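Participant: what's the 3D shape of this:
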Amino acid sequence: MSAFLHYAAPLPLSHRLADLAVEALIDEADLSPKPALVDRRGNGAHSDLHLGLMHASALALWPCFKDMADAAQAVGEVGQPLREALGRIGREGEAAMLATTGGVNTHRGAIWALGLLVAAHALAPDESDAAAIAARAGRIALIDDRFAPVQPASHGQQVRRRYGARGAREEAQSGFPSVIAHGLPQLQRSRRAGSGEQPARLDALLAIMARLDDTCVLWRAGREGLDAMQQGAQSVLAAGGSASLAGRRALRMLDDRLRALNASPGGAADLLAACLFIDPLGSH
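Facilitator: Numbering: from 1, shown residues only. Sure thing, here's the model as predicted:
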């Protein structure tokens, strides 16, 4: 048979969603120049991370996302059985991540956010509305996982208690408002303005940073760091965004400020990855 007449069978939905999730993580890591985050220039405000490690971690999570999509299709509805299946698979994915990175937490928050969105879309693959997908993910996040192990309070939990900030759990349970109300709309606005794909993605990140109570920043730099992140991100957008000369100057100033404060907006980066995952799925 001629090779031109041979076509590969379509990939199963779970494979396609896992591909999209891993691609979103790699695209987020590669995006440059991100303020105080790992990118193609270097380690940002991190001493234990680098771009190769972020890539290896993302690739190691492919089976986790695939299994989450399979679980959603097998269970077929939002409820306790699905939530607990996702919790178990997520813990297995985290173990695979830590084994790959030598114990470094590269993508714990992304496993939570992208895992919920993968499962939400797998439950209704014909659903093309981003807000509806995110809302379904939020319904899953509202369910308690009875089998989640009792662990010491995470950095995010400690920050929420200290500052009263909303963390990754609350963001998901609310249907990812940082993604739906800020990140995706800015991504579309910047694209329509002709900014180019990379500046549009940077602007989406900045739109998230301008509003998010990023618990990663609060943990590392307190209120001073959070104020610097939010005000600096808004300044870049007000100057014309990352595609403009004035915006690039403001972005460099923001990068310098956050590095000096050791304030890396890891929560915003996870939500940008969520934007990049949900963006190609349908309408906004």
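
Participant: quick check: buried residues in the lowest-mean-pLDDT helix or strand in the chain?
Facilitator: Counting by mean pLDDT, DSSP states H and E, the chain has its least confident helix or strand at helix 155-163, which shows a mean of 80. Applying a neighbour-count criterion of 16 or more other Cβ atoms under 10 Å, one finds 156, 159-160 buried in helix 155-163. C-betas here are computed from N, CA, C, even on glycine.

Participant: equivalent analysis for stretch 249-261, please.
Facilitator: In stretch 249-261, counting by 16+ other Cβ under 10 Å, buried: 250-251, 254-255, 257-258, 261.

Participant: quick check, nearest of the residues you listed to residue 10?
Facilitator: Proximity of those to residue 10 (Cβ to Cβ) peaks at residue 251, which lies at 40.8 Å.

Participant: who's in contact with the closest residue to that closest one other than its chain neighbours?
Facilitator: Residue nearest to residue 251 in three dimensions, not counting chain neighbours: residue 236, with 4.9 Å by Cβ to Cβ, 6 or more residues apart in numbering. By Cβ atoms under 8 Å, 6 or more residues apart in numbering, the contact list for residue 236 reads 203, 206, 242, 247, 250-251, 254.

Participant: what about residue 236, which SS state?
Facilitator: helix (DSSP: H, G, I helix; E, B strand; the rest coil).

Participant: same question for residue 10.
Facilitator: Applying three-state DSSP: residue 10 is coil.

Participant: thought residue 123 was touching residue 74?
Facilitator: No: if you go by Cβ atoms under 8 Å, residue 123 and residue 74 don't touch, sitting 10.6 Å apart.

Participant: compare those two (neighbour count), which wins?
Facilitator: residue 123 (21 against 12; other Cβ atoms under 10 Å).

Participant: residue contacts, the more buried one?
Facilitator: Taking Cβ under 8 Å, 6+ apart, one finds 72-73, 76-78, 136 in contact with residue 123.

Participant: could you do residue 196 as well?
Facilitator: residue 243.

Participant: returning to what we had before: helices or strands next to the least confident helix or strand of the chain in the packing?
Facilitator: helix 168-173, helix 215-238 (3 or more Cβ pairs under 8 Å, 6 or more residues apart in numbering; DSSP states H and E).

Participant: please redo it, this time with the cut-off set to 10 Å
Facilitator: helix 168-173, helix 215-238, helix 266-278 (3 or more Cβ pairs under 10 Å, 6 or more residues apart in numbering; DSSP states H and E).

Participant: can you check what angle separates the second one from helix 266-278?
Facilitator: Yep, that's helix 215-238 we're talking about. Using axes from the mean of the first three to the mean of the last three Cα atoms, to 10 degrees, the inter-axis angle of helix 215-238 relative to helix 266-278 is 70 degrees.

Participant: for residue 129, give me the backbone phi and psi.
Facilitator: For residue 129, the backbone dihedrals (degrees, to the nearest 10) come out as phi -90, psi 120.

Participant: which residues does it bridge with?
Facilitator: Beta bridges link residue 129 to residue 283, judged by DSSP bridges.

Participant: quick check: it vs residue 79, distance?
Facilitator: 22 Å (Cβ to Cβ, to the nearest Å).

Participant: what of residue 218?
Facilitator: Taking Cβ to Cβ, one finds residue 218 at 33 Å from residue 79.

Participant: neighbour-wise, which of those two wins?
Facilitator: Just comparing residue 218 and residue 79: by other Cβ under 10 Å the higher neighbour count belongs to residue 218, 25 against 12.

Participant: name the nearest residue to the more buried one, sequence neighbours excluded.
Facilitator: That would be residue 159: by Cβ to Cβ, 6+ apart, it lies 4.5 Å from residue 218.

Participant: that neighbour against residue 165, yeah?
Facilitator: Yes: applying Cβ atoms under 10 Å as the test, residue 159 and residue 165 come out as touching, 5.9 Å apart.

Participant: shared neighbours of the two, which are they?
Facilitator: Shared contacts of residue 159 and residue 165 (Cβ atoms under 10 Å, 6 or more residues apart in numbering): 213-215, 217-218, 226, 267.

Participant: output the residues you listed as a markdown table; include the columns distance to residue 108.
Facilitator: A markdown table is the format used below for these (distance: Cβ to Cβ, whole Å):
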| residue | distance to residue 108 |
| --- | --- |
| 213 | 18 |
| 214 | 15 |
| 215 | 12 |
| 217 | 16 |
| 218 | 16 |
| 226 | 20 |
| 267 | 11 |
